[in-house]
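Enquirer: Just to be clear, the model below is a prediction. Sequence and coordinates:
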Amino acid sequence: MALAAKQQASAFIGSRVPVRSGLNVIRSASRASGLRVNALAAKGAGQKVKAVWNGAVLAESDATVVVEGNHYFPPSSINKQYFKDSSTHTTCGWKGVCSYYSIDVDGKMNADAAWYYPNTTTAEAKKIEGYVAFWKGVKVE
């Protein structure tokens, strides 16, 4: 969906365009990174999104925020027993310093499979401050 949404967005910067049933993508132009998908807002209540890895539900929420094609889950929706702090950090020009978690499910480790921005650096990124996103084989559905 991320690529298709970005392609659609190129013609509709600043507008809302239906992407799939019950969802809208909100777009804006960015000084630093060009076009970016800022948020995915559910029209109806009860549309939960899950992050699953190795058979475990890592997070579940109907209040995720989608940025650049990634669902960011509220901190309260995270099943913390699976998350281990990582020493890995990266930097995004518009979001700030990124911290990572490794995921441990039944003794199987997925290093740096989740990330978050503890202190965002721009007003635009504030909506995801502390929220957690996933990659490295974690299925978000």
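Expert: Alright, I've got the coordinates.
Enquirer: who's Trp115 bridged to?
Expert: Beta-bridge partners for Trp115, by DSSP bridges, are Tyr100, Ala133.
Enquirer: so it sits right up against Tyr100, yeah?
Expert: Yes - judged on CB atoms under 8 Å, Trp115 makes contact with Tyr100 at a distance of 5.0 Å. (Each C-beta comes from the backbone N, C-alpha and C, glycine too.)
Enquirer: Between those two, point out the one with more neighbours.
Expert: Trp115 (22 against 19; other CB atoms under 10 Å).
Enquirer: Just the pLDDT at the more buried one, thanks.
Expert: Trp115 is assigned a pLDDT of 98 by the prediction.
Enquirer: repeat for Gly22
Expert: Predicted confidence (pLDDT) for Gly22: 36.
Enquirer: Equivalent analysis for the one 5 residues further on, please.
Expert: Model confidence at Arg27, given as pLDDT, is 36.
Enquirer: again with the one 10 residues further on
Expert: What the model reports as pLDDT for Val37 is 40.
Enquirer: before we move on, what about Cys98?
Expert: For Cys98, the model assigns a pLDDT of 98.
Enquirer: Pretty sure it sits against Cys92.
Expert: Yes - using CB under 8 Å, Cys98 is in contact with Cys92, at 6.1 Å.
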